[in-house]
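# Got a sequence here, can you model it:
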Amino acid sequence: MTRRWSLITTIAVLTVALAFVVVQLVRDQGSEGSEQQQTSTGTGAESLRGVGWWPLHRSGTAKAGEQDAVVSGDVEWTDGPEGGALRLDGTREYAKASTRMDTARADYSVAARVRLTSINGFHTALSQDGEGISTFFLQYSGQDENFAFSLPGARTVAEKTERPQTDRWYHLTGTYNQKDHRMRIYVDGRLAGSREASSEAKPTGDVLIGRGRVGGKAADHWYGDIADVHVYDRELTPGEVASLAAREPD
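Okay, the predicted model is just below:
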């Protein structure tokens with residue numbers, strides 16, 4: 001009888017242990033499926049279009065958002081990595097994206113494919129007009145000899161990448177998170193620089209392609225080519241940045 005009860009007890013313990021293992025496996029599979037679903041959703045083509053997308057493939061036509069980009073100056077068009085591209089000569093040419101983001105109170109991200117003709121001085125690919133100065137700059141910094149994502153009074157340099165070369169295409173993304181005041185710059189889909197910074201500069205104008213604003217005047221005109229401009233009213237995840245750098249949304 002004693003052996004029988006011992007055997008029954010052993011079987012009961014093993015049954016409980018097996019049930020516990022099964023429950024854990026089910027939970028893990030459910031969690032993995034949820035993460036896969038979030039990743040798929042986060043990097044989907046629709047979510048990567050953004051609130052504004054201007055391919056600049058020989059026109060300013062928008063593929064996301066309601067307003068086309070308005071080109072200013074005697075610009076030219078050239079070949080780009082995904083089609084055409086806007087060519088700027090570093091003087092007065094630029095394009096107005098006709099979209100304004102709440103960069104003072106909300107998370108945001110900006111991205112573009114760029115090619116430099118000159119690596120002397122500052123050249124801004126994307127910005128947004130504020131009172132007297134741009135609220136952000138996605139740019140090349142001649143002072144640092146690298147790409148940078150800047151706010152008034154703060155600059156995040158792409159320290160983890162090699163110095164940019166002329167006549168080579170790069171994909172740049174700048175992101176800002178209001179909660180932790182963290183700004184980041186990605187080059188070709190990889191995180192290249194990050195720092196904590198904040199700015200009280202409020203937007204007074206639209207997103208601009210090909211120049212910034214300093215001292216109330218247009219400044220830091222882009223010298224080279226720009227294509228596939230995106231703006232987002234949220235912070236992109238590293239996975240989304242990598243996906244966007246690899247391929248444009250359909």
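
# what are the bridge partners for the residue nearest the centre of the chain, then?
Centroid-nearest residue in the chain, with C-alpha atoms, centre = their mean: Thr173, separated by 3.5 Å. Assessed by DSSP bridges, Thr173 has beta-bridge partners Ala111, Tyr186.

# Against Thr175, how distant is the nearest residue to Leu151 once chain neighbours are set aside?
Leaving out its chain neighbours, the residue that sits closest to Leu151 by C-beta to C-beta, 6 or more residues apart in numbering is Ser199, at 4.1 Å. (C-beta placed from N, C-alpha, C; glycine too.) Applying C-beta to C-beta, to the nearest Å, the value for Ser199 to Thr175 is 14 Å.

# Same drill for the two, tell me which one is more crowded.
Thr175 (26 against 19; other C-beta atoms under 10 Å).

# Could you list which residues are in contact with that one?
Asp107, Tyr108, Ser109, Phe149, Met183, Arg184, Tyr186, Glu235, Leu236, Val241 (C-beta atoms under 8 Å, 6 or more residues apart in numbering).

# gap between the helix or strand harbouring the third one and the chain center?
Element membership for Ser109 (DSSP states H and E) is strand 108-116. Once both centres are worked out by C-alpha atoms, centre = their mean, to the nearest Å, strand 108-116 turns out to sit 7 Å from its chain's centre.

# With only the CA atoms kept, save that strand in CSV.
Extracted in CSV, the C-alpha atoms of strand 108-116 (Å, rounded to 0.1, in the frame of the first residue of the first chain):
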residue,chain,number,x,y,z
TYR,A,108,8.6,63.4,-34.6
SER,A,109,11.0,61.9,-37.2
VAL,A,110,12.3,63.1,-40.5
ALA,A,111,14.2,61.2,-43.3
ALA,A,112,15.7,61.7,-46.7
ARG,A,113,18.1,60.2,-49.2
VAL,A,114,20.9,62.6,-49.9
ARG,A,115,24.1,63.0,-51.9
LEU,A,116,26.6,65.8,-51.3
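
# where do the helices sit along this structure?
With DSSP state H as the criterion, the chain has helices at 2-42, 238-246.

# For the ones you listed, which has the smallest mean pLDDT value?
Mean pLDDT is lowest for helix 2-42 out of these, coming in at a mean of 42.

# quick one, domains of the protein?
1-42, 52-246 (automatic domain parsing).

# for the protein, which spans come out with low pLDDT?
Counting by pLDDT under 70, the chain has low-confidence residues at 1-46.
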